[in-house]
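Visitor: When you get a sec, could you give me coordinates for this:
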Amino acid sequence: MPTTPLPPARPRIRLPFSRLLLAGSCALFGCTSEGPAPAERIIEVVAHDYAFQVADTVDPGLVTFALRNQGSVVHEMILLKLNPGVTLRDLHTADQRDEVFRPFLDGGSAVLFASAGEVGTGRLVRELEPGSNYVLWCNFSDSEGAPKHARLGMFKLVHVRDTRTRPTQAAANQLIIESNDYAFRAPDSVRAGVTDILIRNVGKQRHEVSLSLLKPGTPATFFFDQYRKGANVDSLYADDGAVLTAYPGGDNRTAVRVTFAAGQTYIVVCEFRDTPASPTHISLGMFKAIEVVP
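Guide: Below you'll find the model as predicted:
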């Protein structure tokens, strides 16, 4: 049975859901540090109703994506890396047929969100490979039954120059969220500081990782209790957040950059379903609270 190519728009305005094991030489779950954010090479993508405004061609190297919404409705920016030889026509054809995008993509997707007239708080960090092609895509709809924004023209192909010149930015510490069927492996607390968060899928199902900052004074237990009751939890979020996805046995080479501050509480969830009739992964126990300590 065909499935939608990307996660459908969710009810909440600011963030559909997702985001931990340590990478590099750091001790397990201990590699964060305080200090100023590293210098960044930022690509700001501007969202309109219904198009993305960004350069057609960019230089390779490590970049940070941000989303500015100059439209009148909420938008998302899904970042997709295309396999060699894949074209926008291939994606449009699959979308019209409600077929999956996976055969056309190199790795999972990463998503930013921004409300109308705002700059989203989320940031994505990616090493852009020379000669590669990336697509920006918005899968939201303005209302139930309305066409998806991508079908109204909200997509963009970005080509990376095939050059040895690779502008770089300083790297942050890394924290990898390990997702399994159906749980996250993550620390209960992390230290304050600038951190790039990635997902590693060690399960047999596709998973997403969504790191959301709760408003001050909101206990994670209260959030999960309200969520399980089916209550509207939009008012409990303090940021727009971001989403990373990964296929079984794979990583996502895009990271979410976060500046953790002491006293904050983040929640990590996965809202995917194995089939349209299956329960959400969060209802199977795929959620986690993370506290930020000095």
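Visitor: Can you name the residues that contact Leu82?
Guide: Phe104, Leu105, Asp106, Ser132, Asn133, Tyr134, Val135 (Cβ atoms under 8 Å, 6 or more residues apart in numbering). All C-beta spots, glycine's among them, are computed from the backbone N, C-alpha and C.
Visitor: filter these to the buried ones?
Guide: Among the contacts of Leu82, those classed as buried by 16 or more other Cβ atoms under 10 Å are Phe104, Leu105, Ser132, Asn133, Tyr134, Val135.
Visitor: Farthest-apart pair in those residues, please.
Guide: Pairwise distances across the buried ones among the contacts of Leu82 (Cβ to Cβ) peak at 13.3 Å, for the pair Phe104 and Ser132.
Visitor: Let me see the ranges of the helices in this structure.
Guide: Secondary structure of the chain (DSSP state H): helices at 88-96, 220-228.
Visitor: Need these in TSV (columns: distance to Gly250).
Guide: Formatted as TSV, those follow (distance: least, Cβ to Cβ, whole Å):
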stretch	distance to Gly250
helix 88-96	20
helix 220-228	27
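Visitor: now for the ones you listed, which one comes closest to Ile176?
Guide: Nearest of these to Ile176, taken as Cβ to Cβ: helix 220-228 at 20.9 Å.
Visitor: contact partners of the closest one?
Guide: For helix 220-228, using Cβ under 8 Å, 6+ apart, the contacting residues are Leu214, Val233, Leu236, Thr265, Ile267, Ile282, Ser283, Phe287, Ala289.
Visitor: So which of the buried ones among the contacts of Leu82 are in strands?
Guide: When DSSP state E defines the strands, the subset of the buried ones among the contacts of Leu82 inside them is Asn133, Tyr134, Val135.
Visitor: partners of the second one in the sheet?
Guide: Spelled out, that is Tyr134. Lys81, Val158 (DSSP bridges).
Visitor: heads up, I number from 713, so please use that
Guide: OK, 713 is where the count begins now, so the last one is Tyr846.
Visitor: Can you verify my assumption that it contacts Lys793?
Guide: Yes: counting by Cβ atoms under 8 Å, Tyr846 touches Lys793, with 5.4 Å between them.
Visitor: Tell me how many other residues surround Val812.
Guide: 15 (other Cβ atoms under 10 Å).
Visitor: What values do phi and psi take at it?
Guide: phi -70, psi 150 (degrees, to the nearest 10).
Visitor: Please report how far it lies from Val955.
Guide: 17 Å (Cβ to Cβ, to the nearest Å).
Visitor: just Gly905 next, same as before
Guide: For Gly905, the distance to Val955 (Cβ to Cβ) stands at 22 Å.
Visitor: Please apply the same query to Val980.
Guide: From Val980 to Val955 the distance is 11 Å (Cβ to Cβ).
Visitor: Ok, Trp849 next?
Guide: Distance from Trp849 to Val955, counting by Cβ to Cβ: 13 Å.
Visitor: Equivalent analysis for Gly773, please.
Guide: The value you get for Gly773 to Val955, if Cβ to Cβ is used, is 24 Å.
Visitor: Compare those two and say which is more crowded by neighbours.
Guide: Val955 (30 against 18).
Visitor: Can you tell me who that one pairs with across the strands?
Guide: According to DSSP bridges, beta-bridge pairing links Val955 with Val823, Ser922.
Visitor: can I assume it is in contact with Gly820?
Guide: No: shown here, Val955 and Gly820 do not form a contact pair, counting by Cβ under 8 Å, at 9.6 Å.
Visitor: ok, now which residue in the protein is the farthest from the centroid?
Guide: Distance from the C-alpha centroid of the chain, by Cα atoms, centre = their mean, peaks at Arg876 (28.3 Å).
Visitor: gap between it and Arg753?
Guide: 17 Å.
Visitor: related to what we said a few turns ago, between the contacts of helix 932-940, which has the most around it?
Guide: Ile979 (25 neighbours).
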